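Novice: build me a structure from this.
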Amino acid sequence: MNTGYKVEYNGCEYEVEHGDAFDRGSADSYYGRSRRPHRGGVGGDSGPLKLDLTPQEIADYMAGYDWNEANGDKKDWN
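Specialist: Numbers count the residues shown, from 1 in each chain. Coordinates of the predicted model:
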């Protein structure tokens, strides 16, 4: 079963899976959190929180954060 989705942003295509760096970047933006590149740590099969990322994973996290910022999708806390 494919649980991921594709995102096109800034000339790149991302195959996003729950807990990967792009997903965590977009989630941090959505919830109004500051940038803290990481992946995993969200339960299910995402694995433990990982802060020691490759340069590509850091770039993917930043792209996910920026993508969500550009789309303006933010948690409504009311």
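
Novice: which parts of this protein are strands?
Specialist: Applying DSSP state E to the chain gives strands spanning 5-9, 12-16.

Novice: pick the most buried one from those strands.
Specialist: strand 12-16 (a mean of 14; mean count of other Cβ atoms under 10 Å). Just so you know, the C-beta spots here come from the backbone N, C-alpha and C atoms, and that holds for glycine as well.

Novice: angle of it against strand 5-9?
Specialist: 150 degrees (axes from the mean of the first three to the mean of the last three Cα atoms, to 10 degrees).

Novice: residues in contact with strand 12-16: which ones?
Specialist: Gly4, Tyr5, Lys6, Val7, Glu8, Phe22, Asp23, Ser26, Asp60, Ala63, Gly64 (Cβ atoms under 8 Å, 6 or more residues apart in numbering).

Novice: any chance of the residues you listed in TSV, plus distance to Lys74 and pLDDT?
Specialist: Shown next, in TSV, are those (distance: Cβ to Cβ, whole Å; pLDDT from 0 to 100):
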residue	distance to Lys74	pLDDT
Gly4	23	90
Tyr5	19	93
Lys6	22	96
Val7	17	96
Glu8	21	96
Phe22	18	97
Asp23	16	96
Ser26	11	97
Asp60	21	98
Ala63	18	98
Gly64	14	98
